[in-house]
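> sequence unavailable; structure follows:
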């Protein structure tokens with residue numbers, strides 16, 4: 001085996017190990033989540049602490065896996081021909097959205113799906129504190145005009161600041 005092949009093999013092994021650790025950490029979240037949900041009210045704080053602890057371990061494992069993914073990507077980029085679409089031609093919102101998705105917590109990514117079909121409009125008038133909303137004008141998932149642009153009609157004390165050319169996740 002050449003030195004390059006050995007290096008690649010070690011890199012792939014480490015990447016796969018980090019993936020397995022991350023997936024195991026994801027699975028570990030479900031037990032404390034169920035226990036917290038079933039806790040009596042006086043024990044919920046303790047249940048939440050246990051749940052939060054496994055979420056932090058999952059987040060840490062996800063972070064390590066992302067670091068290995070970046071190493072593999074960097075190594076692969078140096079060994080392959082240029083992409084069909086040069087990186088410079090990708091729109092910044094799409095690049096930013098991809099970077100957010102690549103680093104997202106797998107548990108949170110899965111858990112948020114249940115909220116996608118929830119209509120929160122009836123809840124918005126109940127907000128009784130001053131509210132600041134930053135929203136990207138290039139959000140293709142929740143378009144500005146259909147969402148943030150309408151909030152002043154639904155929330156009494158709201159200040160909406162459009163972030164010009166901002167994608168779905170402007171962070």
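Now that the structure is in, tell me what you want to look at. Everything numeric in this text was worked out from a predicted model, so none of it was measured.
> domain ranges for the chain, per the record?
Following automatic domain parsing, the chain resolves into domains at 3-115, 124-163.
> how about the last one: buried residues?
Right, the one you point to is domain 124-163. By 16 or more other Cβ atoms under 10 Å, the buried positions in domain 124-163 come out as 135-139, 144, 148, 151, 155, 158, 160. (Glycine included, C-beta is placed from N, CA and C.)
> next secondary structure element downstream of the lowest-mean-pLDDT helix or strand in the chain?
Across the helices and strands of the chain, mean confidence by mean pLDDT, DSSP states H and E is lowest for helix 92-103: a mean of 63. Beyond helix 92-103 in the direction of the C-terminus, DSSP states H and E gives the next helix or strand as helix 106-111.
> which strands and helices sit next to that next one?
helix 3-38, helix 44-79 (3 or more Cβ pairs under 8 Å, 6 or more residues apart in numbering; DSSP states H and E).
> and the buried residues of domain 124-163, which two are furthest apart?
Distance extremes for the buried residues of domain 124-163: the farthest pair is 138 and 155 at 22.9 Å, using Cβ to Cβ.
> residues touching residue 125, list them.
154-156 (Cβ atoms under 8 Å, 6 or more residues apart in numbering).
> between the domains of the chain, which gets nearest to residue 169?
So among these, domain 3-115 is nearest, using Cβ to Cβ, at 4.3 Å.
> what about the closest one, how long is it end to end?
This stretch, domain 3-115, spans 49 Å end to end (Cα to Cα, to the nearest Å).
> ok so residue 128 is a helix residue?
No - judged by DSSP: H, G, I helix; E, B strand; the rest coil, residue 128 forms no part of a helix; its state is coil.
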